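Participant: Any chance you could fold what I've pasted below:
(3 chains)
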Amino acid sequence: MDYVKNTWYVAGWSSEFNDELRRVTVIEENIVMFRNSSAQVIAMEDRCPHRMLPLSKGKLIGDDIQCGYHGMTFNCEGKCVRIPGQSNVPRSARVTTYAIHEVNNIVWIWMGDPERANINDVFTMPEFNDPDWHAHQGEALHLKAHYMNVAENLVDPAHVSFVHPTTLGNASSENVPVEVSTAGDEIVAWRWIRDSPPIGFFKNFGTFTGNVDRWHYYYLHLPCTAVIDFGSADTSLALGEEERDRGFRIFALHFITPVNADYSIDRWMHLRNTAVGDEGVSKKMDEMFKVAFNEDKEILEAIQLEENRPQRRRPIRIAIDKGPTVYRKRIRELVEAEAVNDLGDPIDSTFVHHS
Amino acid sequence: MDYVKNTWYVAGWSSEFNDELRRVTVIEENIVMFRNSSAQVIAMEDRCPHRMLPLSKGKLIGDDIQCGYHGMTFNCEGKCVRIPGQSNVPRSARVTTYAIHEVNNIVWIWMGDPERANINDVFTMPEFNDPDWHAHQGEALHLKAHYMNVAENLVDPAHVSFVHPTTLGNASSENVPVEVSTAGDEIVAWRWIRDSPPIGFFKNFGTFTGNVDRWHYYYLHLPCTAVIDFGSADTSLALGEEERDRGFRIFALHFITPVNADYSIDRWMHLRNTAVGDEGVSKKMDEMFKVAFNEDKEILEAIQLEENRPQRRRPIRIAIDKGPTVYRKRIRELVEAEAVNDLGDPIDSTFVHHS
Amino acid sequence: MDYVKNTWYVAGWSSEFNDELRRVTVIEENIVMFRNSSAQVIAMEDRCPHRMLPLSKGKLIGDDIQCGYHGMTFNCEGKCVRIPGQSNVPRSARVTTYAIHEVNNIVWIWMGDPERANINDVFTMPEFNDPDWHAHQGEALHLKAHYMNVAENLVDPAHVSFVHPTTLGNASSENVPVEVSTAGDEIVAWRWIRDSPPIGFFKNFGTFTGNVDRWHYYYLHLPCTAVIDFGSADTSLALGEEERDRGFRIFALHFITPVNADYSIDRWMHLRNTAVGDEGVSKKMDEMFKVAFNEDKEILEAIQLEENRPQRRRPIRIAIDKGPTVYRKRIRELVEAEAVNDLGDPIDSTFVHHS
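Facilitator: Below you'll find the model as predicted:
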């Protein structure tokens, strides 16, 4: 059980919730979710306390869930309000509820101590509300892989040359070292590839005619949010590191939901500073991202299978492992701190571009 | 291993057995069964004592089973009568056989101490041989569920309002309390719903024009036989509780075969006091029963999955749990008594309508 | 883990290896294999020592394997020769390699101490290089069965009467006792069936008009190679036991590759002294062999399932078990000897026809 509990996880895009009961699993907890008559997303333990039938097998009566076996009915606070055939309802007849925060068309769920839930800790970034930027939600990539393996892939610019040679990387970047900063709340790994041919992605969406300067910044925000800032600009522009907005710039966002030790969901979306309002471009980008993310999926699921088999040798550590190593260490510390009920300062979730 | 052994279980309908070898599994024991040249059903351990090939993979030579690997041959008493390539047959070359009793077109198998097998303990009821009643065998419902969960559903009149709202229940019964009697050998749970619209089942098969009085009596006979006496009569008839034969009356019988801790088979059939001899009505009723029993299956399999997951809270007990609770307690006592090899009085299996 | 390690196993037919990376699993070890630019088959541990991605998910760069995740590159000796993005390569960055010997169009792999690998121990027989004999490779039969169960079936002439009644056996042989010799390095079980109708196989491929003398010699070569010498001749020829070459004679070879405790691969082929050069005959024989070997597969997989269930009685031993019993005992001794690191004399693998 190496999950951080006192944190906000993504339960789904806003569009995934309506007046149908839906089971969602986060850090091994089954949760029934729906949108009530006030358009609020409700989340509660997906198990009737009587005979354990998932409440998601029942039905909504107004804003209450009626269990599908004997009709025990629970309101949005998780309190049983009816037991058919008897007049008294014991106080112990209740289920756990979860704090929810919906923002930027994303539904976040708090899995820890309800007292600590603070909506100011929910991840956001200013570009969500900037008219010069276009936000587009992609899909949910299901991976038979531990969330930490998924996350470490998202603080690892080096893999794109080998895993995504036709989309997000190419041979020019193979030998360019990666820089890593672990000083702030985020772990950041980045590199620039100057004066080289554009990658497949920008061959399709940029308008570059010659060589470009290309950057990849991977921001990993504990425990499960990654922002990949990548883009390109004509080499002739001689872009400075902090002038990325002058180029063709994309933030690829990944929200990882740990389901269990062998299963994670990666909801991905992007923000871009070009083709604002053009959903045709969004769709085409989705296609390219899907090619790339399925390449990750193949790698990550193969690794998961190996990790579940006996290990006969100590793994080699190489230079690019700094980001992943720090990530795992910090997760471990957070989990241990929660185990002794002493979380210390909450994670600050305001996204600040690395400078 | 919470199975009662010294009891008769249903191995199948009579129509399921012929001169082909068939594997049947009861309380985790694999059994090969067939009908011999005297039309008797034979049952023996489905594993050759030589190299463990299931005998059901072999073939019948007359009334003997010849193993499909090296031809070792076993007679109906389980004794090896031939080992090809050698003249002597060791006395230890034998397999276990099981007592079988076939009655009412049902094949019962005794899973316990052969000395205790008594065919007078096999379940029956007088309506099987009453010309005013029509008996019709349905199908075998396979459930990924523990037999006790299946059984408790069959001493639970309350669930029909919520699980079977279009067939066996409707909203009128939701709040009618259930009465329970555990005094005799059977556990009985029942209720009457007076002066209310007929349920879906009787809309199709009754000839009711107005409101009806409806009853549901659930008799659970340990360990694995349930009789559900349900029916309706015009409210104007003002039927007394013991005048059910004057109404449209059905006995739905369920014979549960525990296969293993996660798997059971429920063979269901009915006896009815109407449309005697009309198999068209039987077929139509089957269709309606199948809708209803698949609703049970969905509930019971979902519960089984939950029971196999960690449990974080003590289950709530409610009024209608009396029947199931007594059932589980009695099964536990029977299993414990067998463990100390002191069964006490055998279960009396004569079905007596509750009065 | 009851595998002999210091021995040569078949990794595949020669035709299975080319310039594509291929995962092969032998005694629970995953191995990546390919044919390099010198046409040599290379075999190494199929797991990158960095993040454990199977190297078979990477790609060949010349004769080196480049890992598909971060491009770490390994040469044919298993040494890492490149880590993209850094100049130094730690000496510990390496994977295990395996000795390979390719002969008779078969690729053998040595799974034990590399110091002990001796290509003179690889199985061969003179008929591979005899122009009067035709060699034909069949297919790879995958079985969900332990290799010792597969092997014991190949030192067991008695089963053909019951498992293969239409192809390799018939009723004439049912009661003919089996002779067994365990004196040499091989375990040999055999019998002659004189003056009886030809089996299905020879009805198709022989030219017999009347009764024949038929022989089955099963040579089991530890740990995993079986040679079945079977054939027939007109009874009028009154063939002596050592005159088998005068008849229609076939060596059916089986090379078992233990994959894990529940899975084995049996690569089968034959050598024959008739229809030399006629691949049409080979194809027809393959069809008949496939029928027979799938009959074995059904038996062996059913037994495996039983072996994985609880066992309530001590198995019976019968006369024909001598070969299998000695085989299991010798395997156990070899495994134990390896466990104490004292193998004694290596297995001599020269095939000598039994006389």
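Participant: What is the longest helix along chain A packed up against?
Facilitator: Counting by DSSP state H, the longest helix found in chain A is helix A:279-307. Counting contacts by 3 or more CB pairs under 8 Å, 6 or more residues apart in numbering or on different chains; DSSP states H and E, helix A:279-307 is packed against strand A:134-143, helix A:147-153, helix A:160-163, helix A:200-205, strand A:263-272. Every residue, glycine included, has its C-beta placed from N, CA and C.
Participant: Give me the neighbour count for whatever residue of the stretch 251-355 of chain A ends up closest to chain B.
Facilitator: Closest contact between the stretch 251-355 of chain A and chain B, by CB to the nearest CB, is at residue A:260 (10.7 Å). If you count neighbours by other CB atoms under 10 Å in any protein chain shown, residue A:260 ends up with 15.
Participant: Is it in contact with residue A:28, as I believe?
Facilitator: Yes - Residue A:260 is in contact with residue A:28 according to CB atoms under 8 Å; the separation is 5.0 Å.
Participant: Who does the residue of the stretch 251-355 of chain A closest to chain B form a beta bridge with?
Facilitator: residue A:263 (DSSP bridges).
Participant: I'd like the distance between it and chain C.
Facilitator: Between residue A:260 and chain C the computed distance is 20 Å (CB to the nearest CB, to the nearest Å).
Participant: got it, and residue A:68?
Facilitator: Using CB to the nearest CB, residue A:68 is found at 36 Å from chain C.
Participant: can you check residue A:308 too?
Facilitator: For residue A:308 relative to chain C (CB to the nearest CB), the value is 10 Å.
Participant: That residue reaches residue A:262, doesn't it?
Facilitator: Yes - between residue A:308 and residue A:262 there is a contact under CB under 8 Å: 7.5 Å.
Participant: So for those two, which sits in the more crowded spot?
Facilitator: Counted by other CB under 10 Å, residue A:308 and residue A:262 do not tie: residue A:262 has more neighbours, with 14 against 11.
Participant: what sits against that one?
Facilitator: A:144-146, A:304, A:308 (CB atoms under 8 Å, 6 or more residues apart in numbering or on different chains).
Participant: Quick check: buried residues in the lowest-mean-pLDDT helix or strand in chain A?
Facilitator: Here the helix or strand of chain A ranked lowest by mean pLDDT, DSSP states H and E is helix A:200-205, holding a mean of 85. Residues A:200-202, A:205 are the ones in helix A:200-205 that count as buried (16 or more other CB atoms under 10 Å in any protein chain shown).
Participant: and what of stretch A:168-177?
Facilitator: Within stretch A:168-177, the residues that qualify as buried are A:168-170, A:172-176, counting by 16+ other CB under 10 Å.
Participant: Work out for me the element the nearest residue to residue A:317 once chain neighbours are set aside sits within.
Facilitator: Of all residues not flanking residue A:317 in the chain, residue A:325 sits nearest, at 7.1 Å (CB to CB, 6 or more residues apart in numbering or on different chains). Take DSSP states H and E as the rule and residue A:325 turns out to sit in helix A:322-339.
Participant: so what does that helix touch, helix or strand wise?
Facilitator: Counting contacts by 3+ CB pairs under 8 Å, 6+ apart, helix A:322-339 is packed against helix A:147-153, strand A:179-181, strand A:186-196, strand A:212-221.
Participant: Tell me what angle that helix forms with strand A:186-196.
Facilitator: 170 degrees (axes from the mean of the first three to the mean of the last three CA atoms, to 10 degrees).
Participant: still on that earlier bit, pull the distance from the least confident helix or strand of chain A to the chain's centre.
Facilitator: Centroid separation for helix A:200-205 versus its chain: 25 Å, with CA atoms, centre = their mean, to the nearest Å.
Participant: got the CA positions of that helix in PDB?
Facilitator: In PDB, the C-alpha atoms belonging to helix A:200-205 read as follows (Å, rounded to 0.1, in the frame of the first residue of the first chain):
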ATOM      1  CA  GLY A 200       7.200  14.100 -36.200                       C
ATOM      2  CA  PHE A 201       4.700  16.000 -34.000                       C
ATOM      3  CA  PHE A 202       5.800  19.400 -35.300                       C
ATOM      4  CA  LYS A 203       6.200  18.200 -38.900                       C
ATOM      5  CA  ASN A 204       2.500  17.700 -38.700                       C
ATOM      6  CA  PHE A 205       1.500  20.800 -36.700                       C
END
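Participant: which residues sit against that helix?
Facilitator: Outside helix A:200-205, the residues that reach it (CB under 8 Å, 6+ apart) are A:166-168, A:170, A:208, A:212, A:214, A:232, A:248, A:274-275, A:281, A:284-285, A:288.
Participant: Contact partners for residue A:286?
Facilitator: A:136, A:138-139.
Participant: again, only using 7 Å
Facilitator: residue A:138 (CB atoms under 7 Å, 6 or more residues apart in numbering or on different chains).
Participant: ditto for residue A:176
Facilitator: Taking CB under 7 Å, 6+ apart as the test, what residue A:176 contacts is A:191, A:193, C:85.
Participant: and the second one, what does it touch?
Facilitator: By CB under 7 Å, 6+ apart, the contact set of residue A:193 is A:172-173, A:176, A:214.
Participant: same deal with the last one?
Facilitator: Residue C:85 is in contact with A:158, A:175-178, A:319-320, counting by CB under 7 Å, 6+ apart.
Participant: Secondary structure and pLDDT added to those residues, as JSON lines?
Facilitator: What follows is these, written out as JSON lines (DSSP: H, G, I helix; E, B strand; the rest coil; pLDDT from 0 to 100):
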{"residue": "A:158", "secondary structure": "helix", "pLDDT": "92"}
{"residue": "A:175", "secondary structure": "coil", "pLDDT": "88"}
{"residue": "A:176", "secondary structure": "coil", "pLDDT": "90"}
{"residue": "A:177", "secondary structure": "coil", "pLDDT": "90"}
{"residue": "A:178", "secondary structure": "coil", "pLDDT": "92"}
{"residue": "A:319", "secondary structure": "helix", "pLDDT": "92"}
{"residue": "A:320", "secondary structure": "helix", "pLDDT": "92"}
